[in-house]
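**Q** Have a look at this fold, sequence not included:
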């Protein structure tokens with residue numbers, strides 16, 4: 001999200017920059033809620049799945065705009081695809097382990 005905001009600023013699109021900031025802030029919010037839920041002993045899988053969907057959407061969006069000649073969209077798309085791939089792997093592997101009691105002490 002944030003990388004697309006930077007790209008939008010380079011192209012002069014203030015609306016695109018604001019949209020990218022919104023997506024980035026949404027992903028950060030999901031991450032914060034995920035960590036809080038995980039620390040409380042709950043499953044962070046729903047939050048991870050939502051972030052994975054956003055990352056997958058960003059990779060497709062970046063790929064579609066790569067044809068316009070902006071090579072920075074390729075870098076953003078690859079990072080988003082890598083993030084989506086990691087989240088799919090994490091979810092398939094059972095998610096993050098529960099926090100241990102020793103770590104809290």
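**A** Done, it's in. All figures in this text were calculated on a predicted structure; none of them were measured in a lab.

**Q** I'd say residue 31 and residue 44 touch.
**A** No - applying CB atoms under 8 Å as the test, residue 31 and residue 44 come out as separate, 9.3 Å apart. C-beta coordinates here come from the backbone N, C-alpha and C atoms, glycine included.

**Q** the more surrounded of these two?
**A** residue 44 (21 against 14; other CB atoms under 10 Å).

**Q** could you give the mean pLDDT of the longest helix anywhere in the chain?
**A** Assignment by DSSP state H gives helix 14-39 as the longest helix of the chain. On average, the pLDDT along helix 14-39 is 79.

**Q** Over to stretch 51-67?
**A** pLDDT averaged over stretch 51-67 gives 78.

**Q** Pull out the buried positions in it.
**A** Residues 51-52, 54-56, 58-59, 61-63, 65-66 are the ones in stretch 51-67 that count as buried (16 or more other CB atoms under 10 Å).

**Q** Now do the helix or strand containing residue 55 against helix 14-39, angle only.
**A** According to DSSP states H and E, residue 55 maps onto helix 45-66. Orientation check (axes from the mean of the first three to the mean of the last three CA atoms, to 10 degrees): helix 45-66 against helix 14-39 gives 160 degrees.

**Q** ok, residue 87 - contacts?
**A** The contact partners of residue 87, by CB atoms under 8 Å, 6 or more residues apart in numbering, come to 48-49, 51-52, 55.

**Q** Swap in 6 Å and give it another go.
**A** Applying CB atoms under 6 Å, 6 or more residues apart in numbering to residue 87 gives the contacts 48, 52.

**Q** Please consider this matter closed, and thank you.
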